[in-house]
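Engineer: Quick one, structure for this:
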Amino acid sequence: MKLTLTQRLSLVFALLLLVCCGTSAWLQVRSNQMHELEVVQGLSRDLAQHIARDTQLMDANGLMPGALRELFSQLMLVNPSVEVYLLDPTGRIVGNAAPEGRLRREQVDLAPVQRLLDGAALPILGDDPRSLDGRKVFSAAPLKVNGQPAGYLYVVLLSEEHDRFAERGATSAALNIALWSIGLVALLCLIAGLTAFALITRPLRKLTDTVSQFDIDGAPSAPTTGAPPPPPAEGHDEIAVLDATFRHMQSRLSEQWRSLTRQDQERRELVANISHDLRTPLASLHGYLETLQLKDASLTPEERRRYLGIALDQSRKVGGLAQSLLELVRLEHGFVQPVLERFPLTDLVQDIFQKFELSAEARHVQLKASFAPNVGAVCADLGLIERVLTNLFDNALRHTPEGGEIEIGLVPQGPMVEVTLSDSGPGIAADLREGLFLRPFTIGGARRDGGLGLRIVHRILQLHGLEIRLIELPGRGASFRFSLPVDLATAQHKATRAQG
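Structural biologist: Now for the predicted structure:
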């Protein structure tokens, strides 16, 4: 069974709490034991000295066994918690009042005895003669005969009787109290910890539910206003920052998904429209070529030239459409990057006029230019901007009726030069303006050519960090406006931002 993050945190917390409480209890018991030993040894530190001073245990002939056993028995009867031993100068036990068979050691280490006599810090543990590995607090005093060292009086302050009594009563009660204390403290801390974890992880659980319910195909949970939400504010806890960051990411993902969906739909429409644009001239081209093949013998030279002219015209349309489509692909996939340079915009407009002069005269359309007196040079890619103006003029010329006019205006606006191109054609209906620069469009139910050219215009200006807008001018048809930077630094900044 898989555990949730909250359950794993609670389990780890419970284990750590148990270990900490157990360690604390052990340290407390150990501390109490050491304190008790220090108190006992501190109170009875001079006990052996008093016994040695007030009692004659040895004479000139040496040890007095009878007096020693009698004295030891009386002391241990008065205070059962002490055991008295007589040691020779090497630490060997030469006198004791222990029952037969209870003595386990014949030798006592004198190093702790010397430390006690030197006044070292308490407690000091020495060997327990009634245990092979036990160590207990003690009192000790040197013995002398005729001024010569004769041994030591060694008094164990916590005897076997004391240990048996402690095991039967006091130690058991203390252990029970310690265990109950550990359990109670652990229970209270566990309840407090689980409550704290529940409060701390509640925002994380809410965020988990939000993430699990997030469906990028569905409607976004947070309303979008077209602009991305502000980044998460600083000063919150990590979970709040994570929640705000996720909601920001959710909004961005939803917005990008809608944008991708819209672009995919527009791409589908573009493919369908281009297929339609290709189908018509190709069908016409195929029909006239087939006619030339089937009726070649019966056609007059004039009819043959007319059919060939129509076929060539349709072939040029197909070639132009293929060329525009290839150009758009190169622009949208980053194969074309603008090379910025300074050039006079008025000279470029004059070149465009010369390019369309004959076509405009053939359609009886007048080309007009309106230049402000102080229009200077601009910074952009000369070839790409020429393509922009060419597409705009071509689009305007094809949709301006005979006797109409196409006008271009150049006006300085601070660090930019504003370019406005308008015609006297029918204009573009309001319901067809959305996505105007992204796909071909229709007017009055009939397809209007030039949508692909406008898309190329939009992409070229986008590479420069600029944008083109469809505007309303009184008495004019379709009117487009964009601006070009005057200085190179501004142009480079805009292009860099567009590419980043």
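Engineer: Okay, domains of the chain per the record?
Structural biologist: As given by automatic domain parsing, the domain ranges for the chain are 5-166, 238-330, 336-499.
Engineer: Make CSV out of these and add mean pLDDT.
Structural biologist: Formatted as CSV, these follow (pLDDT from 0 to 100):
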stretch, mean pLDDT
domain 5-166, 80
domain 238-330, 80
domain 336-499, 86
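Engineer: Regarding this protein, what is its longest strand?
Structural biologist: strand 135-145 (DSSP state E).
Engineer: Adding distance to L199 and mean neighbour count, write the domains of the chain out as JSON lines.
Structural biologist: (C-beta placed from N, C-alpha, C; glycine too.) Formatted as JSON lines, these follow (distance: least, CB to CB, whole Å; neighbours: other CB atoms under 10 Å):
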{"stretch": "domain 5-166", "distance to L199": "11", "mean neighbour count": "16"}
{"stretch": "domain 238-330", "distance to L199": "11", "mean neighbour count": "14"}
{"stretch": "domain 336-499", "distance to L199": "45", "mean neighbour count": "17"}
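Engineer: Tell me which of the ones you listed approaches F197 most closely.
Structural biologist: domain 5-166 (5.5 Å; CB to CB).
Engineer: The closest one: how far from the chain's middle?
Structural biologist: Relative to its parent chain, domain 5-166 has a centroid offset of 63 Å by CA atoms, centre = their mean, to the nearest Å.
Engineer: For F480, give me its contacts.
Structural biologist: L392, T420, L421, S422, I468, R469, L470, I471 (CB atoms under 8 Å, 6 or more residues apart in numbering).
Engineer: Go ahead and confirm the fifth one touches L461.
Structural biologist: Yes. A contact is recorded between I468 and L461 when judged using CB atoms under 8 Å, the distance being 5.3 Å.
Engineer: who touches both of the two?
Structural biologist: Residues touching both I468 and L461 (CB under 8 Å, 6+ apart) are F482.
Engineer: Parallel or antiparallel, which strands does the longest strand of the chain pair with?
Structural biologist: strand 125-127 (antiparallel), strand 148-156 (antiparallel) (DSSP bridges).
Engineer: Same list, the ones you listed, but as TSV with distance to V108 please.
Structural biologist: Shown next, in TSV, are the strands paired with strand 135-145 (distance: least, CB to CB, whole Å):
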stretch	distance to V108
strand 125-127	5
strand 148-156	6
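Engineer: Looking at those, which is nearest to L452?
Structural biologist: Comparing the strands paired with strand 135-145 by CB to CB, strand 125-127 comes nearest, at 99.4 Å.
Engineer: Mind listing residues that contact the closest one?
Structural biologist: 37, 105, 108-109, 112-113, 116, 134-138, 140, 154, 156.
Engineer: repeat that for 7 Å
Structural biologist: Strand 125-127 is contacted by residues R105, V108, D109, P112, V113, R135, K136, V137, F138 when judged by CB atoms under 7 Å, 6 or more residues apart in numbering.
Engineer: Ok, stretch 7-15 next?
Structural biologist: Residues contacting stretch 7-15 (CB under 7 Å, 6+ apart): L190, G193, L194, F197.
Engineer: from these, which would you call buried?
Structural biologist: L190, G193, F197 (16 or more other CB atoms under 10 Å).
Engineer: SS state for the last one?
Structural biologist: Yep, that's F197 we're talking about. Assigned state for F197: helix (three-state reduction, DSSP: H, G, I helix; E, B strand; the rest coil).
Engineer: who touches it in this structure?
Structural biologist: Residues near F197 by CB under 7 Å, 6+ apart: T6, L9, S10, F13.
Engineer: okay, the residues you listed in a markdown table with distance to L27 and secondary structure next?
Structural biologist: Listed next are those as a markdown table, based on distance: CB to CB, whole Å; DSSP: H, G, I helix; E, B strand; the rest coil:
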| residue | distance to L27 | secondary structure |
| --- | --- | --- |
| T6 | 31 | helix |
| L9 | 26 | helix |
| S10 | 26 | helix |
| F13 | 21 | helix |
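Engineer: Q492 in helix, strand or coil?
Structural biologist: Per three-state DSSP, Q492 ends up helix.
Engineer: how close does it sit to F343?
Structural biologist: For Q492, the distance to F343 equals 15 Å [CB to CB, to the nearest Å].
Engineer: quick one on the thing from earlier: would you format the domains of the chain as CSV with distance to Q213 included?
Structural biologist: As requested, those are exported to CSV (distance: least, CB to CB, whole Å):
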stretch, distance to Q213
domain 5-166, 18
domain 238-330, 11
domain 336-499, 32
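Engineer: just so I know, which of these lies nearest L207?
Structural biologist: From the domains of the chain, taking CB to CB, the stretch that ends up closest is domain 238-330, at 5.0 Å.
Engineer: And T171, what's its pLDDT?
Structural biologist: On pLDDT, T171 comes in at 50.
Engineer: Let me see the ranges of the helices in the stretch 51-200 of the chain.
Structural biologist: Remark: helices assigned in the stretch 51-200 of the chain by DSSP state H, counting those that start in this stretch are 65-78, 111-117, 160-165, 171-213.
Engineer: ignore the last one, the stretch 201-350 of the chain
Structural biologist: 238-294, 301-332, 345-362.
Engineer: after the shortest one, next one along is what?
Structural biologist: Heading C-terminal from helix 345-362, the first helix or strand you meet, by DSSP states H and E, is strand 366-371.
Engineer: what separates that following strand from the chain centre, distance-wise?
Structural biologist: 57 Å.
Engineer: Mind giving me the packing neighbours of that strand?
Structural biologist: helix 345-362, strand 405-413 (3 or more CB pairs under 7 Å, 6 or more residues apart in numbering; DSSP states H and E).
Engineer: Out of the helices of the stretch 201-350 of the chain, which gets nearest to E160?
Structural biologist: Of all the helices of the stretch 201-350 of the chain, helix 238-294 sits nearest to E160, with 60.7 Å by CB to CB.
Engineer: quick one, the closest one and helix 301-332 angle?
Structural biologist: Relative orientation of helix 238-294 and helix 301-332, computed by axes from the mean of the first three to the mean of the last three CA atoms, to 10 degrees: 170 degrees.
Engineer: Now do helix 238-294 and helix 171-213, the angle between them.
Structural biologist: Going by the same axes, to 10 degrees, helix 238-294 makes 30 degrees with helix 171-213.
Engineer: what helices or strands is helix 238-294 leaning on?
Structural biologist: Packing partners of helix 238-294 (3+ CB pairs under 7 Å, 6+ apart): helix 171-213, helix 301-332.
Engineer: Distance to Q265 added to those, as a markdown table?
Structural biologist: Shown next, in a markdown table, are the helices and strands packed on helix 238-294 (distance: least, CB to CB, whole Å):
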| stretch | distance to Q265 |
| --- | --- |
| helix 171-213 | 26 |
| helix 301-332 | 16 |
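Engineer: Those: which one's closest to G453?
Structural biologist: helix 301-332 (6.4 Å).
Engineer: who's in contact with R476?
Structural biologist: S422, S424.
Engineer: who touches the spatially most central residue of the chain in this structure?
Structural biologist: Nearest residue to the geometric centre of the chain (CA atoms, centre = their mean): L242, 7.8 Å. Contacts for L242 (CB under 7 Å, 6+ apart) come out as L207.
Engineer: Distance of it relative to D423?
Structural biologist: The value you get for L242 to D423, if CB to CB is used, is 55 Å.
Engineer: before we move on, what about T55?
Structural biologist: For T55, the distance to D423 - CB to CB - is 134 Å.
Engineer: same check, this time on E434
Structural biologist: 21 Å.
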